[in-house]
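A.B. asks: With the sequence up front, the predicted model follows.
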Amino acid sequence: MFEMTQVTKAYRTDLLETHALREFSLKVDKGEFVAVTGPSGSGKTTFLNVAGLLETFDSGSYRLDDVDVSKLDDDARSRVRNHKIGFIFQSFNLIPDLNVFDNVDVPLRYRRMQAAERRERINSALDLVGLSSRMKHLPSQLSGGQQQRVAIARARSRVIRHCCSRTNPPATSIR
Ligand SMILES: Nc1ncnc2c1ncn2[C@@H]1O[C@H](COP(=O)(O)OP(=O)(O)OP(=O)(O)O)[C@@H](O)[C@H]1O
Ligand SMILES: [Mg+2]
């Protein structure tokens, strides 16, 4: 669950103070889908940066799955980001000299996950976006839509659970 209450953020320089978010509140329940719209300069990017724990804010509260993330230090924020937040950037931000498989692997490596589990998650994530046959390609060897799907797989790989048992066939789920 995502809950921001009266979040305020201003950008300050010696000469200028710009209020990007003023007492902004939003609650999003599990499974809800939200689109952020508004005029240029209204604070959408600032909101996404704060929500994604890329930027801090001045006042108000922000709780993610019942954790007050405003109280976390840099390392803890990075951990929450790695475990709970998936970014699909407009320009995809794939690493040009890593192939598709290795791009999806980046956030899982940061998590120091074992190789076998990483491989399963990457295979599942690439399977879900229909790119299992492109694992060895570099981003420059893919179409724009395929690059976007790699970015989606990278965002999802960290939240995919691959569950196998002897009695049941392999099943992939996203939480
Ligand atoms: N790094 C910064 N330093 C100073 N002011 C900033 C900075 N980043 C954003 N702003 C200001 O904060 C306000 C909100 O900017 P933001 O980028 O969040 O808007 P936006 O809704 O994403 O706009 P757009 O639709 O044009 O991308 C704007 O007035 C902008 O000028
Ligand atoms: Mg913007």
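C.D. replies: On my side now, so go ahead. Ligands and ions are numbered 1, 2, ... in the order given.
A.B. asks: ok, the residue nearest in space to the middle of the chain to Ser133 distance?
C.D. replies: Nearest to the mean C-alpha position of the chain, by C-alpha atoms, centre = their mean, lies Gly86 at 1.4 Å. Using C-beta to C-beta, to the nearest Å, Gly86 is found at 23 Å from Ser133. Placement of C-beta: from N, CA and C, glycine included.
A.B. asks: Which residue, other than its chain neighbours, is closest to the residue nearest to the centre of the chain?
C.D. replies: Once flanking residues are discounted, Gly86 sits nearest to Ala155: 3.0 Å by C-beta to C-beta, 6 or more residues apart in numbering.
A.B. asks: Next: Leu21.
C.D. replies: Leaving out its chain neighbours, the residue that sits closest to Leu21 by C-beta to C-beta, 6+ apart is Lys9, at 4.4 Å.
A.B. asks: Show me the contact partners of the host helix or strand of the residue nearest to Gly86.
C.D. replies: In this structure, Ala155 sits in helix 144-157 according to DSSP states H and E. By C-beta atoms under 8 Å, 6 or more residues apart in numbering, the residues outside helix 144-157 that reach it are 86-89, 92-94, 100, 103-108, 121-122, 124-126, 128-131, 134, 139, 142, 174.
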